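Peer 1: Generate coordinates for the sequence data below:
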Amino acid sequence: MYPKPTHQKSTHQKSTHFGWGIEDNRNTGSYLFEFHWDFSSVIQFSFILVEPGEAGNIGAAARAMNTMGYTDLRLVRPQADHLSGIAKAFAHGSEHILEAAPVYEDLKDAIADIDLACATTARHRLQKYHYASVRDLPDALQQKGDLLQRVAIVFGSERSGLSNSDVDLCDLITNIPQVRPQPSLNLSQAVMVYSFTLAQQHTQVQIKDQRISSEAMPPAQYAQLKTALVQLLNKVGVHQRHQRYVEKALARLGYEDLYLLQSIRAFVENKINALEQKTRE
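Peer 2: Predicted coordinates for the structure are as follows:
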């Protein structure tokens, strides 16, 4: 499921070849292990509206997405009919997005297939969260290379935004810097800002670096790494609250750091399994 270290000498031939390793302490020029990876995946974005209260805003959000090339709209407990005449009027040529939008009872189900969920907020939360502005979001995603395939941008209701429990389900918190705190942006305006920003950075978000073939080092998915790490933390008895801190910290790590963490996780897990096996014997 996860890539294993390759015991081979470094063969840096071209700028398209990328890797790093830990050198043999005998100064032979060889590597104890070396990681290589491919950056060819394209991130698919989903826009999730939690409890939107105005049909016009839902339609306008669909229109904003469509103008920037995005079509995956998801609704969680909508308080207005997204298929109403008002919603379709505001969608203006984007009715197909409204008609295809799935409706969920809770955010957890809406992000079940998402690798990284980004909660949007206009206010500062009391809890200790890491914030990334909308300007920094494309770079934050690029740092993860092809570990991400599906990313969700999650928006709260027009009235109160996202609840703390919904924010806690997400991996990153992002906001739109404003000169004045009031008035805040309309829901559909916020969707437009994120759609535009991500579309402008499309060449970066697509991870255009064509490096070594994925056959040498199959890329691990971010969600798989997160799940495996949580399982390991459970195994050694780490409190669930601290596990959430670790999960949120993962969202801030770059591609190389994530792979290093994966190698450490695999090493620790193998040691634990070996000790358990020895105890049983």
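
Peer 1: Strands of the stretch 151-281 of the chain, residue ranges please.
Peer 2: 172-175 (DSSP state E, counting those that start in this stretch).

Peer 1: residue boundaries of the helices in it?
Peer 2: Here the stretch 151-281 of the chain has its helices, by DSSP state H, counting those that start in this stretch, at 164-169, 187-200, 202-205, 222-235, 240-250, 255-280.

Peer 1: and of these, who's closest to residue 148?
Peer 2: Proximity to residue 148, assessed across the helices of the stretch 151-281 of the chain by Cβ to Cβ, is greatest for helix 222-235 (5.3 Å). For every residue, glycine as well, the C-beta is placed using N, CA and C.

Peer 1: What mean pLDDT does that closest one get?
Peer 2: The predicted model assigns helix 222-235 a mean pLDDT of 80.

Peer 1: Name the residues that touch that helix?
Peer 2: By Cβ atoms under 8 Å, 6 or more residues apart in numbering, the residues outside helix 222-235 that reach it are 1-2, 114-116, 144, 147-148, 242-243, 246-247, 250, 258, 261-262, 265, 268-269, 272.

Peer 1: Out of these, which end up buried?
Peer 2: Of all those considered here, the ones buried according to neighbour count by 16 or more other Cβ atoms under 10 Å are 114-116, 144, 147-148, 247, 250, 258, 261-262, 265, 269.

Peer 1: Would you check which pair of those residues lies furthest apart?
Peer 2: Distance extremes for the buried ones among the contacts of helix 222-235: the farthest pair is 114 and 269 at 25.1 Å, using Cβ to Cβ.

Peer 1: For residue 241, grab the count of nearby residues.
Peer 2: Here the neighbour count serves as a burial measure; for residue 241 (other Cβ atoms under 10 Å) it reads 7.

Peer 1: Could you report the separation of it from residue 168?
Peer 2: Noted for residue 241: a distance of 10 Å to residue 168, by Cβ to Cβ, to the nearest Å.

Peer 1: just residue 73 next, same as before
Peer 2: The separation that residue 73 has from residue 168, given Cβ to Cβ, amounts to 23 Å.

Peer 1: For those two, work out which one has more neighbours and name it.
Peer 2: When residue 73 and residue 168 are compared on other Cβ under 10 Å, the one with more neighbours turns out to be residue 73, at 23 against 16.

Peer 1: Residue 84 reaches residue 55, doesn't it?
Peer 2: Yes: the pair residue 84 and residue 55 passes the contact test of Cβ atoms under 8 Å, sitting 4.8 Å apart.

Peer 1: who has more neighbours, these two?
Peer 2: Applying other Cβ under 10 Å to residue 84 and residue 55 shows that residue 55 carries more neighbours, namely 23 against 15.

Peer 1: what residues are up against that one?
Peer 2: Applying Cβ under 8 Å, 6+ apart, one finds that residue 55 lies in contact with 80-82, 84, 86-87, 90.

Peer 1: Can you pull out the low-pLDDT segments for the protein?
Peer 2: 1-41, 123-130, 145, 181, 183, 201-221, 255, 281 (pLDDT under 70).

Peer 1: and the residue nearest the centre of it, how far is that from residue 152?
Peer 2: Among the residues of the chain, the one closest to the centroid is residue 116, at 2.2 Å (Cα atoms, centre = their mean). Taking Cβ to Cβ as the measure, residue 116 and residue 152 are separated by 7 Å.

Peer 1: now do residue 270
Peer 2: Counting by Cβ to Cβ, the gap from residue 270 to residue 152 is 33 Å.

Peer 1: Equivalent analysis for residue 160, please.
Peer 2: Using Cβ to Cβ, residue 160 is found at 20 Å from residue 152.

Peer 1: Over to residue 112?
Peer 2: Where residue 152 is concerned, residue 112 sits at a distance of 10 Å (Cβ to Cβ).

Peer 1: and if you look at residue 121?
Peer 2: Using Cβ to Cβ, residue 121 is found at 15 Å from residue 152.

Peer 1: Repeat that for residue 175.
Peer 2: The value you get for residue 175 to residue 152, if Cβ to Cβ is used, is 16 Å.
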